[in-house]
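*Asks:* This is the structure alone, sequence omitted:
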């Protein structure tokens, strides 16, 4: 499980290209067609890589956020009401929601025309519904775009890397794909 946090980045390098030198490079993964470089800017190391074996280990590492594409408005609103934080902090908290992250939270809040600094306790019922519909539309649109534009695993991996390099999180259903 790779967790980029705020400053972690992935960069794809063509075969034969040299990875960046220095402390920012945390790991280099070599593949036939190139290398995937895991870096982190800054001095505070928060990005992490965890090697897990089997579905049980993956499930145990799950912070517990709900899938916004599979939940109802009531569950979405209940998660946001559980703690009085800013909308930005709540949407990016993996204990509350799975797969939104920093960049998608910005897109969601912009599309919903809501301030990232607004407190969750200040939302009306209409605001909850707007935020829920907008969240599903933004995440769903990203998934559809990925599926339409890439047809094989290598293309999807490259798209995911490009998305992560540009600061976007990638939605993935990990547990179902990991053998027991």
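*Replies:* Good, I have the coordinates. The structure displayed is predicted, hence computed values, not measured ones. Numbering: from 1, shown residues only.

*Asks:* So which bits of stretch 106-113 are buried?
*Replies:* 106-109, 111-112 (16 or more other CB atoms under 10 Å). (Each C-beta comes from the backbone N, C-alpha and C, glycine too.)

*Asks:* For residue 22, give me the pLDDT.
*Replies:* pLDDT recorded at residue 22 is 85.

*Asks:* For it, give its distance to residue 37.
*Replies:* According to CB to CB, to the nearest Å, residue 22 and residue 37 sit 12 Å apart.

*Asks:* Quick check on the two: which one has the bigger neighbour count.
*Replies:* More crowded of residue 22 and residue 37, by other CB atoms under 10 Å: residue 37, with 22 against 7.

*Asks:* quick one on the thing from earlier: looking at the buried residues of stretch 106-113, which is nearest residue 94?
*Replies:* Checking those against residue 94 with CB to CB, the nearest one is residue 108 at 15.3 Å.

*Asks:* State the phi and psi torsions of residue 76.
*Replies:* phi -60, psi -50 (degrees, to the nearest 10).

*Asks:* Give me the number of neighbouring residues for the closest residue to it other than its chain neighbours.
*Replies:* Closest residue to residue 76 apart from its sequence neighbours, by CB to CB, 6 or more residues apart in numbering: residue 132 at 4.7 Å. Residues contacting residue 132 under the criterion other CB under 10 Å number 20.

*Asks:* from the buried residues of stretch 106-113, which single one is nearest residue 89?
*Replies:* residue 109 (11.4 Å).

*Asks:* can you pull the contacts of that closest one?
*Replies:* 87-88, 91, 115-116 (CB atoms under 8 Å, 6 or more residues apart in numbering).
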